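Novice: whatever this is, show me its structure:
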Amino acid sequence: MRRFALVLALIAAALATPVASAEPVPTKPVKHCDFIPTPDNPAAKPVKPPRPAASTRGTATAVLATNYGVVVIELDRTVASCAVHNFIHLIRSSFYDDTRCFRLTNSARLGVLQCGDIYRQEEGGPGYRFADEVTGAETYPRGTIAMGNQGPGTNGSEFFIVHSHANIRPVYSVLGRVVHGMDALDRIVAAGIEGDAQDGPPKQPVLIHWAFTPAR
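Specialist: Below is the predicted model:
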């Protein structure tokens with residue numbers, strides 16, 4: 001009986017002893033993404049929404065072959081998992097092939113090339129939308145590639161590449177950065193904007209002939 005009582009006492013003491021804090025739980029390898037149909041804004045090209053599970057780990061490479069040269073992008077799944085997942089899906093669906101970048105800005109506030117609008121600036125998306133992935137601490141230095149939108153939660157196919165700087169609010173999901181081909185962006189900027197404006201269509205058409213991302 002004493003031995004049994006001693007065992008009970010030891011168990012009770014063990015349960016009462018604070019347990020050292022465990023290591024931080026690692027980030028889940030997959031994130032759920034909601035791709036919401038937009039029947040009032042149907043897909044500009046035949047494409048289905050991506051599967052709802054996005055990897056949250058590692059990087060991927062995307063290549064844009066333009067009439068100004070090749071642009072290579074390193075995509076970061078840890079920053080904006082759903083946006084990167086969507087971008088890769090659209091590339092592999094040939095959504096960006098034979099498209100035009102309709103907007104170029106070059107001002108003290110904003111220097112970006114905007115692409116991914118199939119019909120014209122901010123018109124012609126994939127037929128669905130998804131949420132922003134921002135922390136409020138985002139910055140957009142030269143070489144950044146980020147999602148464009150028309151308000152909170154309206155991400156689709158539109159994206160922009162910062163060719164100089166972007167002094168804008170941190171409300172655009174960052175996909176990654178250009179690792180090769182910024183000289184192509186510089187040539188696009190040097191060609192100018194229609195009407196010699198600071199914001200508008202590029203003076204010379206900017207075309208994405210095809211986009212590619214290797215399978216992993």
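
Novice: and the pLDDT at the residue nearest to the spatial centre of the chain?
Specialist: Centroid-nearest residue in the chain, with C-alpha atoms, centre = their mean: L175, separated by 3.1 Å. Model confidence at L175, given as pLDDT, is 98.

Novice: next up, phi/psi of it, please.
Specialist: Dihedral pair for L175: phi -80, psi -40, per degrees, to the nearest 10.

Novice: excluding chain neighbours, what is closest to it?
Specialist: In space, and not counting its chain neighbours, L175 is closest to I145: 4.7 Å by C-beta to C-beta, 6 or more residues apart in numbering. Bear in mind the C-beta positions are built from the backbone N, C-alpha and C, glycine included.

Novice: same deal with M182?
Specialist: G143 (6.0 Å).

Novice: again with A184
Specialist: Excluding the flanking residues, the one nearest A184 by C-beta to C-beta, 6+ apart is G69, at 3.6 Å.

Novice: hang on, isn't the one you found packed against G181?
Specialist: Yes: counting by C-beta atoms under 8 Å, G181 is a contact partner of G69 at 5.8 Å.

Novice: who has more neighbours, these two?
Specialist: Between G69 and G181, counted using other C-beta atoms under 10 Å, the more crowded position is G181 (20 against 16).

Novice: tell me which residues touch that one, please.
Specialist: Contacts for G181 (C-beta atoms under 8 Å, 6 or more residues apart in numbering) come out as 64, 69-72.

Novice: what's the distance between it and Y96?
Specialist: To Y96, G181 is 15 Å away according to C-beta to C-beta, to the nearest Å.

Novice: now swap in V178 and tell me
Specialist: 15 Å.

Novice: R129 now?
Specialist: Distance of R129 to Y96, computed by C-beta to C-beta: 17 Å.

Novice: equivalent analysis for H163, please.
Specialist: For H163, the distance to Y96 (C-beta to C-beta) stands at 18 Å.
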